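Colleague: I'll drop the sequence and a predicted model, then ask my questions.
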Amino acid sequence: MKSYEALARVYDRLNGEVDYAAIATFYEAAFDRYRIKPQLMLDLGCGTGSMTLELARRGYDMIGVDASAEMLSRAYERMWSTGQSGILFLEQDMRSFELYGTVGAVVSTLDCVNYLTGDGDLDRCFSLVHNYLDPNGVFLFDVNTPYKFKHVYGDNAYILEEEDGSAYCGWQNDYDQQSGICHFLLSVFTEESDGRYTRLDEEQTERCYTQEQLTAALQQAGFTDIAFFGDLDFSQPTDQTERWYVAARCQKNEETV
């Protein structure tokens, strides 16, 4: 089964607690810190478009890129159902995406970068982000931390349930600390109109990255002014921080512009 084929149908319902407005406000505060005013932005790994739509509502011209046709289908549905238009959604891989020109900022929300699991994937993605950013443009993304992989994911099992009981997601984690790879074995149950539940299974994989690995990849791609934050208030991370919010500036010299 394709990644996110099972989760796409219930992703938003099971992640209703995510405060996309607060994340968008954090992004805008980061723009102020880096003294930029982007108009055209890329949402990399946009999924069902929650972040893309929130930023579009705030007046930004948006491009959304995701590798899952199922997730993008729901993003399109949500765009038209909310009366919005003009967002360009592209079905492309984070490691090989292509744009028609540069953008003022790139954002990537909810640990999309952790899905870059292969050797060289991180370098390829960051290089493309740098390539398609305006000079002095900003790259903002978040990742699950080593603490979360070890102490929250580990070999633990969890269940997510929608409040009305119409959808469940159970998953078993398998984390290899040596390789940094965590496998998620997911089973999604959704209630049909006749009261029966349909089950779909899939496996997803994330890779744990250290601050040193992320910093090295960003610097190699040409980013400067790299900062790690422990929350949306720009606080410093601690040893028990579960999510890093990362910001970096795209540095380009005259030869590369």
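Modeller: Nice, thanks for sending it over.
Colleague: The helix or strand where residue 62 lies: what's the following helix or strand?
Modeller: Taking DSSP states H and E as the criterion, residue 62 maps to strand 61-66. Proceeding N to C from strand 61-66, the next assigned helix or strand is helix 69-81, under DSSP H and E.
Colleague: Now do that following helix: distance to the chain's middle.
Modeller: Relative to its chain's centre, helix 69-81 lies at 16 Å (CA atoms, centre = their mean, to the nearest Å).
Colleague: what helices or strands is that helix leaning on?
Modeller: Judged by 3 or more CB pairs under 8 Å, 6 or more residues apart in numbering; DSSP states H and E, the packing partners of helix 69-81 are helix 11-14, helix 50-57, strand 61-66, strand 88-91. C-beta here means a position set from N, CA and C on the backbone, and glycine is covered the same way.
Colleague: Let's test this: mean pLDDT of it, rounded?
Modeller: Across helix 69-81, pLDDT averages out at 90.
Colleague: what are the C-alpha coordinates of it, in PDB please?
Modeller: The C-alpha trace of helix 69-81 is given here as PDB (Å, rounded to 0.1, in the frame of the first residue of the first chain):
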ATOM      1  CA  ALA A  69      -1.900  11.700  -4.400                       C
ATOM      2  CA  GLU A  70      -4.400  10.700  -1.800                       C
ATOM      3  CA  MET A  71      -3.300  13.600   0.600                       C
ATOM      4  CA  LEU A  72      -3.300  16.100  -2.300                       C
ATOM      5  CA  SER A  73      -6.800  15.000  -3.400                       C
ATOM      6  CA  ARG A  74      -8.100  16.000   0.000                       C
ATOM      7  CA  ALA A  75      -6.100  19.300  -0.100                       C
ATOM      8  CA  TYR A  76      -7.900  20.100  -3.400                       C
ATOM      9  CA  GLU A  77     -11.300  19.200  -1.900                       C
ATOM     10  CA  ARG A  78     -10.600  21.400   1.200                       C
ATOM     11  CA  MET A  79      -9.400  24.300  -1.000                       C
ATOM     12  CA  TRP A  80     -12.600  24.400  -3.100                       C
ATOM     13  CA  SER A  81     -14.900  23.700  -0.100                       C
END
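Colleague: Could you shift the numbering so residue one becomes 832, and keep it that way?
Modeller: Done: numbering now begins at 832, and the last item shifts to helix 900-912.
Colleague: Now that helix: buried residues?
Modeller: Buried residues in helix 900-912, counting neighbours by 16 or more other CB atoms under 10 Å, are found at 901, 902, 903, 905, 906, 909, 910.
Colleague: quick one, that helix and helix 881-888 angle?
Modeller: 30 degrees (axes from the mean of the first three to the mean of the last three CA atoms, to 10 degrees).
Colleague: per-residue pLDDT, residue 880?
Modeller: Confidence score, pLDDT, at residue 880: 93.
Colleague: what's the closest of the buried residues of helix 900-912 to residue 941?
Modeller: residue 902 (11.8 Å; CB to CB).
Colleague: residue contacts, residue 932?
Modeller: Counting by CB atoms under 8 Å, 6 or more residues apart in numbering, residue 932 touches residue 963.
Colleague: Would you mind measuring from it to residue 1039?
Modeller: To residue 1039, residue 932 is 34 Å away according to CB to CB, to the nearest Å.
Colleague: ok, now residue 858?
Modeller: Counting by CB to CB, the gap from residue 858 to residue 1039 is 24 Å.
Colleague: State the helix or strand in which residue 1036 lies.
Modeller: When elements are assigned from DSSP H and E, residue 1036 belongs to strand 1028-1038.
Colleague: Who are the packing partners of that strand?
Modeller: With contacts defined as 3+ CB pairs under 8 Å, 6+ apart, strand 1028-1038 has these neighbours: strand 1012-1022.
Colleague: The strand it packs on pairs with which strands?
Modeller: Using DSSP bridges, strand 1012-1022 pairs in its sheet with strand 998-1007 (antiparallel), strand 1028-1038 (antiparallel).
Colleague: Pipe those into CSV and attach mean neighbour count, mean pLDDT and distance to residue 1020 per row.
Modeller: Listed next are the strands paired with strand 1012-1022 as CSV, based on neighbours: other CB atoms under 10 Å; pLDDT from 0 to 100; distance: least, CB to CB, whole Å:
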stretch, mean neighbour count, mean pLDDT, distance to residue 1020
strand 998-1007, 17, 89, 4
strand 1028-1038, 16, 89, 5
